[in-house]
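Peer 1: Dropping the sequence and predicted coords here.
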Amino acid sequence: MKILLVEDDPAIVRSLDDLLRSEGYDTACASRQDEAVALLGAEPFDLILLDVTLAQGNGFAVCAAAKEISPTLPVIFLTASDDEYSTVAGLDMGAVDYIAKPFRARELTSRLRAALRRTSPGGSEVLCAGGLRLDPATASVSKNGCEVVLSALEYRLLLHFMQRKGQLVTREALRDALWDSAGEYVSDNAINVYIRRLRERVEDDPAEPRIITTVRGLGYKLEDA
């Protein structure tokens, strides 16, 4: 998923960009109204994080332009201005949430996931394996009826496996599917870490995985355990 971050404070841009990428999101950044509108017209985004006060123009104008281009695109206002007028104005323009600075990283990422779940298009097939249930329409995952909370990258990794249930998934395929589009190289050790984290979320015994199994020397396979 790709997020457009519209913010004119370089320090906040750096910290938010690092946070979002660590959660598995792709990001694009703009500090001006005209830059943000140009990006919106050039490529699709899944969500906008938007400051009200910008180096040129303002966030309300960007929100209006975004809604003209894609009426269902979720917008979250992120600003130090937490007065009632700004909050109401942003929500009246169609924003799905309004978060005042300073914010906590975990709260921000949780509200991002909630916004994306609420605005995901329906009609996608629910995927099931080993007691797991993944609904792409709501970006939700459960195991034996209980919600499983995943980061964006863990969700994308699980979705990739579940769409290929019973098939060999090589490390090269994972790189191509999840990281190469961002121009990043991910080492084998890093992939091991991501797989281990995902197993900790979905396996009964991560040390003896029965859902995401290792095919020695080749890659991984998702089993219908």
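Peer 2: That came through, no problem. This one's a predicted model, so the numbers in the text were calculated from it and none came from an experiment.

Peer 1: tell me the contacts of residue 202?
Peer 2: 130, 132, 141, 143, 148, 158, 211-212 (Cβ atoms under 8 Å, 6 or more residues apart in numbering). Placement of C-beta: from N, CA and C, glycine included.

Peer 1: can you list the domains in this structure?
Peer 2: 2-119, 127-222 (automatic domain parsing).

Peer 1: Now tabulate these in JSON lines and tack on mean pLDDT.
Peer 2: Output for the domains of the chain, formatted as JSON lines (pLDDT from 0 to 100):
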{"stretch": "domain 2-119", "mean pLDDT": "86"}
{"stretch": "domain 127-222", "mean pLDDT": "85"}
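
Peer 1: how near is the closest residue to residue 109 other than its chain neighbours to residue 162?
Peer 2: Closest residue to residue 109 apart from its sequence neighbours, by Cβ to Cβ, 6 or more residues apart in numbering: residue 23 at 5.5 Å. Look at residue 23 and residue 162: by Cβ to Cβ, to the nearest Å, they are 20 Å apart.

Peer 1: coming back round to it: how near is the residue nearest to residue 109 to residue 156?
Peer 2: Taken as Cβ to Cβ, the span from residue 23 to residue 156 is 10 Å.

Peer 1: swap in residue 50?
Peer 2: Taken as Cβ to Cβ, the span from residue 50 to residue 156 is 24 Å.

Peer 1: More neighbours: those two, which one.
Peer 2: residue 50 (26 against 19; other Cβ atoms under 10 Å).

Peer 1: which residues touch that one?
Peer 2: By Cβ under 8 Å, 6+ apart, the neighbours of residue 50 are 4, 6-7, 36, 59, 62-63, 75-78, 95.

Peer 1: run the last query once more with 10 Å
Peer 2: Residue 50 makes contacts with 4-7, 30, 36, 58-60, 62-63, 66, 75-79, 90, 95, 98, as judged by Cβ atoms under 10 Å, 6 or more residues apart in numbering.

Peer 1: Tell me what it is bridged to.
Peer 2: Assessed by DSSP bridges, residue 50 has beta-bridge partners residue 6, residue 77.

Peer 1: Could you check how far the closest residue to residue 76 other than its chain neighbours is from residue 110?
Peer 2: Nearest residue to residue 76 in three dimensions, chain neighbours excluded: residue 97, at 4.5 Å (Cβ to Cβ, 6+ apart). Look at residue 97 and residue 110: by Cβ to Cβ, they are 11 Å apart.

Peer 1: Neighbour count: these two, which is higher?
Peer 2: residue 97 (19 against 12).

Peer 1: how close does the more buried one get to residue 206?
Peer 2: Residue 97 is 33 Å from residue 206, by Cβ to Cβ.

Peer 1: which residues are contacting stretch 139-149?
Peer 2: So stretch 139-149 is in contact with 1, 110, 113-114, 116-120, 124, 126-128, 130-135, 150, 152, 154-156, 158-159, 162, 198, 201-204, 211, going by Cβ under 10 Å, 6+ apart.

Peer 1: Noted, bye for now.
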